[in-house]
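Asks: Build me a model:
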Amino acid sequence: MIDWIKIRAQYILPKHLLSRMLGKLAAKEAGFVTQFLIKTFIKAFNIDMSEAKWENPSSYKTFNAFFTRPLKEGTRPIAEGEDVLSHPVDGTVSQFGDIIGDDIFQAKGHTFSLTSLLGGKPELAECFKGGKFATIYLAPRDYHRIHMPVDGTLTDTLHVPGELFSVNPLTAQNVPGLFARNERVVTLFDTPAGKMALVLVGATVVASIETVWAGNITPPAGKYVQHWQHQNENIALNKGDEMGRFKLGSTVVLCFEPNAVEFEELSSGLVTRLGTPFANKIQENK
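Replies: Residues are numbered from 1 along each chain as shown. I've put the predicted structure just below:
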């Protein structure tokens, strides 16, 4: 009954309004209030500040600065090897496996549409059909910067407006089409392992999604899909480079072409650490 109430409440709550209001608070230098929120959050989620570049909570003037805190150099070494892809985030594997036609597995009894995930654009989705996907959930305690799992040259960025349901496991099990339903930023790269989609999915109280090449992409949020093409801009990132960040927690979905990668012993519920081996490139994609 409690779980049912939690899910039903998400349909009723003004999720965008709530998220934007909390986003403004998180971006504000509010002195004592900010410090109280940060210290309460550290205690509530048992956050290991010894990994942070600045360990003292007082070093962060806004909650957003704390939430997107950088790590100490060397804290997350990046897996070596041209054929090795590294985990892009600290998080927990939600699901992974084969993309069956246009369907990606979400949770027992639920799939979501690959084409919808990628902004409703069949021409972008076509190359990933029959390929692989992995969905990784970032909990509030996790490091919230996203890094490249492989060298890549950016070809497309899309902002796809949508809902802001929570993306925790309970919601994934109960809200159909969750990850293709929520607001998201889609990024597409050409890589040595073929085309890769790296999708940053928004959620309740996710006040902002940004990339290193464009800054804040949302907010502001429009009513229609926005699509930027970058083929002539030569935006290239190396494996391990930061590519974006969430201001409050969410989920990433990665998609790869058929016969491009083999995952490294993934399992649902596996805790991931940025930089550790994630997948291996299949030889013909060298």
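Asks: In the stretch 1-150 of the chain, what residue spans correspond to strands?
Replies: With strands called from DSSP state E, counting those that start in this stretch, the stretch 1-150 of the chain shows them at 84-86, 91-98, 103-107, 110-113, 132-137, 145-147.
Asks: Neighbours of Leu158, how many?
Replies: 22 (other C-beta atoms under 10 Å). C-betas here are computed from N, CA, C, even on glycine.
Asks: Save the strands of the stretch 1-150 of the chain as TSV, and put in distance to Phe36, mean neighbour count and mean pLDDT too.
Replies: Listed next are the strands of the stretch 1-150 of the chain as TSV, based on distance: least, C-beta to C-beta, whole Å; neighbours: other C-beta atoms under 10 Å; pLDDT from 0 to 100:
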stretch	distance to Phe36	mean neighbour count	mean pLDDT
strand 84-86	36	24	98
strand 91-98	27	19	95
strand 103-107	36	20	89
strand 110-113	38	19	89
strand 132-137	27	24	96
strand 145-147	24	23	97
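Asks: Might you list the low-confidence residue ranges for the stretch 1-150 of the chain?
Replies: Applying pLDDT under 70 to the stretch 1-150 of the chain picks out residues 1-25.
Asks: where do the helices sit along it?
Replies: For the stretch 1-150 of the chain, the helices defined by DSSP state H, counting those that start in this stretch occupy 2-12, 15-27, 32-44, 63-67, 114-117, 122-125.
Asks: give me the element the residue nearest the centre of the chain is part of.
Replies: In the chain, the residue lying closest to the centroid (C-alpha atoms, centre = their mean) is Val252, at 2.8 Å. Using DSSP states H and E, Val252 maps to strand 251-256.
Asks: Okay, angle between that strand and strand 103-107 too, please.
Replies: 150 degrees (axes from the mean of the first three to the mean of the last three C-alpha atoms, to 10 degrees).
Asks: send the alpha carbons of strand 251-256 over as CSV?
Replies: Provided in CSV are the C-alpha atoms of strand 251-256 (Å, rounded to 0.1, in the frame of the first residue of the first chain):
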residue,chain,number,x,y,z
THR,A,251,20.1,8.0,-14.5
VAL,A,252,22.2,7.4,-17.6
VAL,A,253,21.3,5.1,-20.5
LEU,A,254,24.1,4.0,-22.9
CYS,A,255,23.3,2.4,-26.3
PHE,A,256,25.8,0.7,-28.6
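Asks: Can you spell out which helices and strands pack onto the helix or strand that it is followed by?
Replies: Per DSSP H and E, strand 251-256 leads on to strand 261-263 as the next helix or strand towards the C-terminus. Packing partners of strand 261-263 (3 or more C-beta pairs under 8 Å, 6 or more residues apart in numbering; DSSP states H and E): strand 132-137, strand 277-281.
Asks: Looking at those strands, which is nearest to Asn46?
Replies: Between Asn46 and those, the shortest gap by C-beta to C-beta is with strand 132-137, which sits at 17.2 Å.
Asks: so who does the residue nearest to Gly202 when sequence neighbours are not counted touch?
Replies: Using C-beta to C-beta, 6 or more residues apart in numbering and skipping residues adjacent in sequence, the residue nearest Gly202 is Glu183, 4.0 Å away. Glu183 makes contacts with 159-164, 201-202, 209, 218, 221, as judged by C-beta atoms under 8 Å, 6 or more residues apart in numbering.
Asks: Neighbours of Lys223, how many?
Replies: By other C-beta under 10 Å, the residues close to Lys223 number 5.
Asks: re the thing from before, name the strands paired with the strand holding Val252 and say parallel or antiparallel.
Replies: Next to strand 251-256 in the sheet, as set by DSSP bridges, lie strand 132-137 (antiparallel), strand 194-201 (antiparallel).
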